[in-house]
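1. give me a model of this one.
(4 chains, ligands or ions: 6)
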Amino acid sequence: MEKEKQSGFEERRSVVVRFAGDSGDGMQTVGERFTDSSVVVPNAIATFPDFPAEIRAPAGTIPGVSAFQVHFGSREILTPGDEPDALVAMNPAALKVHLEDLTQGGLLVVNSGAFTPENLRMAGYEENPLEDPGLAGKYELVPIDITELTRETLKESGLKTRDKLRCKNFFALGFSYWVYGRPLDPTIRFVREKWGAELPEVAEANVQVLKAGYFFGETSEIHRNRYMVTKAAVRPGRYRKISGNEALVLGLIAGAKQVGKELVYSGYPITPASSILEMASSYKHFGIKTVQAEDEIAAIGIALGASFAGAIGVTGTSGPGMCLKSEFLGLAASSELPLVVCNIQRGGPSTGLPTKTEQSDLLQALFGRHGESPLPIVAAMSPSDCFSAAYEATRIALTYTTPVILLSDLYLANGAEPWRLPERDQFQGFEVPKPNTDGPYRPFERHPETLARAQALPGTPGFEHRLGGLEKNDAGEVSYDRENHAHMTRQRAAKIAGIAKSYAPLIINGEPEGDVLVLSWGGTYGAVTSSVRSLQAEGFQVSSIHLRHLNPLPDDLAETLRRFKRVLVPELNTGQLAMLVRARYLVDALPLNKMQGRPFRVSEIREAILNLIPS
Amino acid sequence: MEKEKQSGFEERRSVVVRFAGDSGDGMQTVGERFTDSSVVVPNAIATFPDFPAEIRAPAGTIPGVSAFQVHFGSREILTPGDEPDALVAMNPAALKVHLEDLTQGGLLVVNSGAFTPENLRMAGYEENPLEDPGLAGKYELVPIDITELTRETLKESGLKTRDKLRCKNFFALGFSYWVYGRPLDPTIRFVREKWGAELPEVAEANVQVLKAGYFFGETSEIHRNRYMVTKAAVRPGRYRKISGNEALVLGLIAGAKQVGKELVYSGYPITPASSILEMASSYKHFGIKTVQAEDEIAAIGIALGASFAGAIGVTGTSGPGMCLKSEFLGLAASSELPLVVCNIQRGGPSTGLPTKTEQSDLLQALFGRHGESPLPIVAAMSPSDCFSAAYEATRIALTYTTPVILLSDLYLANGAEPWRLPERDQFQGFEVPKPNTDGPYRPFERHPETLARAQALPGTPGFEHRLGGLEKNDAGEVSYDRENHAHMTRQRAAKIAGIAKSYAPLIINGEPEGDVLVLSWGGTYGAVTSSVRSLQAEGFQVSSIHLRHLNPLPDDLAETLRRFKRVLVPELNTGQLAMLVRARYLVDALPLNKMQGRPFRVSEIREAILNLIPS
Amino acid sequence: MTTTPDHPLTKKDFVTSNDVRWCPGCGDYAILNALQRTFPELGVPRENFAVISGIGCSSRFPYYMNTYGFHTIHGRGPAVATGTKVANPDLSVWLITGDGDGLSIGGNHLLHILRRNVNVNILLFNNRIYGLTKGQYSPTSPVGTRTKSTPMGSVDNPINPLLFALGAESTFIARTYDTNVKHMVSVFKAAHEHEGVSFIEILQNCVIFNDKTWDSVYSRQTRDDELLFLEDGQPLLCGKDRNQGIRLNGLTPEKVAVGAGGADISEVLVHDSIEPSPLYTQLLAQMAYPELPTPMGILRRINRPTYETAVSGQIEQARARKGSGSLEELLYTDDCWFVSEEEAAAGTDPVK
Amino acid sequence: MTTTPDHPLTKKDFVTSNDVRWCPGCGDYAILNALQRTFPELGVPRENFAVISGIGCSSRFPYYMNTYGFHTIHGRGPAVATGTKVANPDLSVWLITGDGDGLSIGGNHLLHILRRNVNVNILLFNNRIYGLTKGQYSPTSPVGTRTKSTPMGSVDNPINPLLFALGAESTFIARTYDTNVKHMVSVFKAAHEHEGVSFIEILQNCVIFNDKTWDSVYSRQTRDDELLFLEDGQPLLCGKDRNQGIRLNGLTPEKVAVGAGGADISEVLVHDSIEPSPLYTQLLAQMAYPELPTPMGILRRINRPTYETAVSGQIEQARARKGSGSLEELLYTDDCWFVSEEEAAAGTDPVK
Ligand SMILES: Cc1ncc(C[n+]2csc(CCOP(=O)(O)OP(=O)(O)O)c2C)c(N)n1
Ligand SMILES: Cc1ncc(C[n+]2csc(CCOP(=O)(O)OP(=O)(O)O)c2C)c(N)n1
Ligand code: SF4
Ligand code: SF4
Ligand SMILES: [Mg+2]
Ligand SMILES: [Mg+2]
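-> Numbers count the residues shown, from 1 in each chain, chains lettered A, B, ... in the order given. Ligands and ions are numbered 1, 2, ... in the order given. Down below sits the predicted model:
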């Protein structure tokens, strides 16, 4: 990384800052604020919150630690970053959990005031790590008694001590703003808007402490280095900061509105999908109906019933819930109704690691049902991309009258980044097939190109008919006929396979041929692309393809695979896409797997690629 | 087929007879009786009942038709046969449904008395097919007014006409006995034992009619050809006729008794698995506890609870139920408890074809759960083999402390054949791992060779511990640690992969190398082996391997696959095993698929093989 | 499309071409007949019905009703019916289920559709057996029932469907039986009129696997004494000469002779189905053979807002406050920011 | 293995090394405390307990009880508990569930374990919220509850757990609350003594997502008037000076002042939990804030054979009749036939 003194600032292309403290310390707020003031610079940015496991553990303990990571830069930012360049630790437990990730020589800001014997004990420290000279040797250590300084700053204010100390996090934030030369105003504005009305003194206290933190940096001799990230060359346009699940909800609504369908979202809470139900419920005035069902089986049943009635039914869950939805997915496939089923993946098997990320439900999406019931599968690749992925899933469901599985994961769902909004006219148009009005209605008669059946909606006179899960013929009548079963099985499969004809051509990141092709899907996009770009910059013959569609696979994939000497498939599972590619193309695709409940680091992928390059 | 007149009998290697009539006509009884009297000859034999769809449809209608096919011969019989050599049709509907299958020139016995205008109409015949000269031309047509002759025979008896006519089927049976030179005594004995006590006149009436049918053949001039199948060269030993589900239950019990475990079977009725629950319930004095659960989720939960408590829990179902069990399978995999889950496959997707057979749930067995949760899969290959398959599934579950999926199908479940019983000392012995008694109990500490964890049972002092579906460490404590998740994922996978070390070497039917290897699994065994043997007899370089284990695949498979120019994988699905083989071995395995709700015909497989042979 | 009847609807309009596939003599035929007679009399256009079911003999029902229908999966009909009604409240939704479909595998969904008060009419065909799977005992089979799966008799206490519905606080609870088409029609109509979920238990005979299971209460010989017809404002009387009545003894109902020599008619409870005390519904629902006669008719109807109206209502409220949101409003919110061509140029001075 | 306590069991013996992971101030701590105090007093060896749960904050319970435990999957605890008890009836099985785990996703299994009368003790922690998933409304949340998933308030009628249990004809029904350890212990003991399924609703506070949800009935200020403690043989009285009573008006309970100037004590209903009329249980179960005080204690205990004894019983009967079958008897039945070496030779004459 080139360093170059300039007006007291050291210039950096990009910086990763992690704020860590107790669940009660307001680290998520600090992270959000820091993000917003970087966004206005503007910097390219990506963030990721790291919550403690579901239940709020006792203050000061290891499981009680909550963190928020911000990655901002003057170049394209595709991930929230690997090792942080700076760590702000508000208590010993936070230090204990996160220190191992901090880069050698990284900036380490700690609230020395929180290093009490009690807190040290809860964090499992024999003695105070701040007293270990090694620490200052290894990192750019900046111990500040934030607790005391905050109390000091607010001694005049009328707040209770407990409430005064609540402002600690803004001191840390102010100091960080000084270090990275961020503007204070957006935060001050935010604070006043948020609390100004109800709790003016709280608002002011926070503003005071924020400034105190900033000026502490300026005045105190404690620390001289400041880092500067110049404005990023972001594409011009309209931007909005968005998280994965938020984008997903917007994408669903946009898809429904595109063809004037009512959206009925039915879900049952489960980490990390709950916020989809919650956000959808907050969009009532857009005509979205939401139902919190009694379980995941009912949730998909309600969504399917809504689709049967003419709305577009959507349901969302995570792995355990996907298991429960599998029987209904079979009915949806057999009765050929439009439906979108979102799986926000988390660590498995079983209850597994509910608050950690993983990509291990791909094969379940493909084969997690009895009988031959192929379904289209769409996957999102970044938080903001969840919008396009959800829109695409809706497009396929409604164009082909079929259930679609939309795969995201915890990392995308909770991650956030600036989203360059598409303009209204940039949405891909599509149409819902209309039933043929001459002759009696044949529910399973198919559109000549798409092979989609045209749905006739209850309430339409003259189209009365019955649907069900028993095998049926083109006329929709139950049929146990041998030939008919073979025929319907072929038709269902052909319809799904044909969806590939509607895909845009594959985008190859890099040259269309070379030594190594990295083939990826889902949340690994950022890490894969970053590593491949960096290697390309170093002159290696490496390219990558990131799949939006996992089923059917794109028609132009076969050809591309053959143009590379080696194919590497990095996945947060034990090799699921790799297996599909091997079976389908008989290509010796090599899996690169990680099962640690966390995303790949760019370095891990770079290394794996380099190992495949003939030297 | 060599024909050679001999004492009025034409000799045949094997004969396929199909009895078809209305559900009320007692065709199943006739089939069963014919089977038993052939079994004592002894002939090699295999049978298959073809019930109407679940609900009993009105008499005389097409959906009301019920049939039973018997294949008997003097050589090894591996399937119930393709086209019947003889068809006994008790009414027009039966003729309508089954005539198409009868071989050219085959024997066609019809009850002309049932060809009334009303019955013809219900069967959808414009005019009486018996009056069509074409029929007599194409087949060896033998029209008999069985209705009348039966009434005639019983005119003396005191029975109500309705009950008299109930005996019709025994006239047809008697006539068939005459045609194929079968003994009457076993049937007469059976009838007297069954009804003699309660309904003596009914018993006698049936005996009279049976004999009448036999003598009608002897005396009437109507038909001269008789066919004889000489005794088969069956292996000496103790035999018993058995159906697939019956054998499966016995195998489970034998497995449990082998290690003195109590067996708890919990199921929820579903075609074609219901009879497992029913038969298990009839074995109470063997200490088998059965629970009819409220649904399939509860069924597997109850079985798992029983395993947790120290019994061997077993549950069984078909496709739709497997979907519902998937979440619990994940818990069983994560908590590593012994469990056997039987899937008696039927036609899918969804409710599909509940009374037809299919093999389309293999990939669901492998991947029908979220997260990485590999499980062993065992498949049965013939009705009697369901015993060994169930025993093997139990062995694996208890030796490796793991859930096991046992795959059978409707065709095996309902089919029957003579079973050469294993002697008591022929069962493969195995042992349940014991927890280590020194030091505190570590629930996930593993056996050095098998990697199986040793289960400590509730009620054992000093081994108190907690299990669950959250990720845990070797000590059984919940752990969200990164490395530990990677470690446990590896351990679980390694344990399952290691099971292959306990397999017997693969049996190759034929030479260990050649032009074509046919690789099959499940219910296709008979058809595949027959076709391969016939081609071998004709001098072709063809061999076959039938897999007992679908996961993990046998270690010696890779090597064998390479020794053949082409690999053919016939399956009653759209290519599931083929896909696994392609992915794992990068071998261009060619799928041969059939989706008609019925087994392969030997001829279909022969043809496909011949197409692959370089000429 | 097929032409829609221009004449007033009749039973025939609801008959489908599919030939009915139940066993000859099955009680389901009579229920089908009753519903096909009811529909034309409800003033609902044929295309506005949705008949939804799970899996079972009973659940084959939709195939035989000539309107929109959905034969779903085992036990899950209530979920599909809820989604259908929420998406299109104008439809008249009828849910067909069985004692296995509704009370075994589907018990939870039934519980929740009842407590949510979705305006769906639920017909539970109770033949106390699993018909489609050929005769295993069901959750309504009496203790000791011998079936293929319980050769020594069932050991679990059966569910009383009406008590279950009361436990879920269903707003409409009724019972009828397959051998009385007139009674079925009247109950179906009342269910249709009820603004809210309607739960109807129909005693049904399975000739093949559980023949005569209800003869103890509704055969020619027994029905006079064993059936108690509920009519608002009328005393709880049964018996050929209506000389048997139900009286309360403390909190326990008892059957007494009424009139000459017996109890006075004034002591006999009088039926009221409109907003009755739950204790009264409990009293009726628990009455069972052989101790007491079996109540037939409408046990209770309670007025409570329906789920689907509340859901639509919130949308209207939200729109009244914020206006019905357009896609633009959805995407281009206030916290958007613009990056102009100029700003887009990188490498400018650091922020001070 | 670890050495087993040779001293009489104490609370400490049931404390695990895992540090408890509930939010500070969560009502679950008190319930844990109560159960850890109860177990040593039941005369059951520590290794003979099995504590089984589903998923939820409440369902983390087994990790904190030092005996055998199984933290299963969401809503399915009753199935696992049933299998455990059927396989080993000697175990004392305790099922921990929540209002979401037990009444939302798990409603059907709860229904069936109750009606089967499996001898399991069921503790349903009712905090009227989904705690573990961070605060969505649950099936017991009152209409209008505003949560993340119901920003404009919930619209569905909540389930009353006791009415649900009554609808399932549970043989033991009780209620207690997290702020009264003594009361919890007494109810837990009674549940243990009951030969059959025991259903206990525990009012529990979720400090984080639904704080004070029960204060309307059990806070210092309200409890005297709002809690009605059930004691056999005692009149249904509440109020600081026990001067408020429950009287029947027709079939509707009403709260009246008792004594001086009010109703006479004789008019007040007297509690009896042993084989009471279901109408009486209905009366108690439906009593709710604000109209009536909230009953605490044992509503009813009914004597009925348990499921697991009936299952084992049939096995004993079968063995008494046929003897306990050996593997040989199982396989080598009478309908076996032998093929001797000679017969095995093929190609002999046809049968005549
Ligand atoms: C998931 C699933 N489990 C089991 C079955 C098999 N099955 C079909 S219907 C039925 C029960 C039918 O009983 P009931 O609901 O009383 O209907 P009836 O046939 O008696 O009218 C069962 C167990 C199924 N189709 N799907
Ligand atoms: C199949 C499945 N669906 C959803 C979830 C997510 N989940 C875990 S606990 C819970 C509800 C918890 O509520 P409750 O049972 O009341 O327990 P509490 O946390 O309030 O004690 C949910 C929805 C899950 N773990 N598994
Ligand atoms: S099996 Fe019983 S319920 Fe089913 S159709 Fe036949 S008679 Fe009716
Ligand atoms: S979220 Fe609520 S219920 Fe869960 S532990 Fe915290 S306080 Fe207790
Ligand atoms: Mg039934
Ligand atoms: Mg709760």
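2. residues contacting residue 120?
-> I went with chain A, as the question did not name one. Residue A:120 makes contact with A:92, A:127, A:128, according to Cβ atoms under 8 Å, 6 or more residues apart in numbering or on different chains. Quick note: C-beta positions are derived from backbone N, CA and C, even for glycine.
3. could you do chain C instead?
-> C:78, C:81, C:82, C:85, C:93, C:94, C:95, C:113, C:197, C:198.
4. so the nearest residue to residue C:91 once chain neighbours are set aside: helix, strand or coil?
-> Of all residues not flanking residue C:91 in the chain, residue C:50 sits nearest, at 4.8 Å (Cβ to Cβ, 6 or more residues apart in numbering or on different chains). Put simply, residue C:50 is strand when judged by DSSP: H, G, I helix; E, B strand; the rest coil.
5. any idea what residue C:50 is bridged to?
-> Beta-bridge pairing for residue C:50 (DSSP bridges): residue C:68, residue C:93.
6. that one and residue C:90 touch, don't they?
-> No. Judged on Cβ atoms under 8 Å, residue C:50 makes no contact with residue C:90 at a distance of 10.3 Å.
7. quick one: which of these two has more around it?
-> Ranked by neighbour count (other Cβ atoms under 10 Å in any protein chain shown), residue C:50 and residue C:90 place residue C:50 first, with 27 against 10.
8. tell me how far residue A:488 lies from residue A:296.
-> Going from residue A:488 to residue A:296 by Cβ to Cβ, to the nearest Å gives 28 Å.
9. sorry, that was for residue C:25
-> 40 Å.
10. which of these two has more neighbours?
-> Taking other Cβ under 10 Å, residue C:25 and residue A:296 do not tie; residue A:296 has more neighbours (30 against 12).
11. between the contacts of residue C:120, which sits nearest residue A:302?
-> Taking Cβ to Cβ as the measure, residue A:302 sits nearest to residue C:82 out of those, at 5.2 Å.
12. how about the secondary structure of that closest one?
-> helix.
13. roughly how far out does the helix ranked longest in chain A sit from the chain middle?
-> Criterion DSSP state H: the longest helix present in chain A is helix A:200-219. Helix A:200-219 sits 33 Å away from the centroid of its parent chain (Cα atoms, centre = their mean, to the nearest Å).
14. what's next to that helix, contact-wise?
-> Residues outside helix A:200-219 that contact it (Cβ under 8 Å, 6+ apart) are A:144, A:146, A:149-150, A:153-154, A:157-159, A:163-164, A:166-168, A:170-179, A:184, A:187-188, A:191-192, A:194-196, A:222-223.
15. and with 6 Å instead?
-> If you take Cβ atoms under 6 Å, 6 or more residues apart in numbering or on different chains as the criterion, helix A:200-219 is touched by A:150, A:153-154, A:157, A:159, A:167, A:170-171, A:174-175, A:177-178, A:188, A:191-192, A:195-196.
16. now do stretch C:220-229
-> Residues outside stretch C:220-229 that contact it (Cβ under 6 Å, 6+ apart) are C:216, C:217, C:238, C:239, C:240, C:293, C:294, C:295, C:296, C:297.
17. cross those against helices and list the overlap.
-> Of the contacts of stretch C:220-229, the ones assigned to helices by DSSP H are C:216, C:217.
18. which one (most neighbours) among the contacts of stretch C:220-229?
-> Top of the contacts of stretch C:220-229 by neighbour count (other Cβ under 10 Å): residue C:293, with 26 neighbours.
19. tell me the pLDDT at the residue lying closest to it once chain neighbours are set aside?
-> Using Cβ to Cβ, 6+ apart and skipping the chain neighbours, the partner closest in space to residue C:293 is residue C:228 (4.0 Å). pLDDT recorded at residue C:228 is 98.
20. you'd agree residue C:228 is in a strand?
-> Yes. According to three-state DSSP, residue C:228 belongs to a strand.
21. look up how far chain D lies from it.
-> Distance, residue C:228 to chain D, by Cβ to the nearest Cβ, to the nearest Å: 17 Å.
22. all good on my end, thank you.
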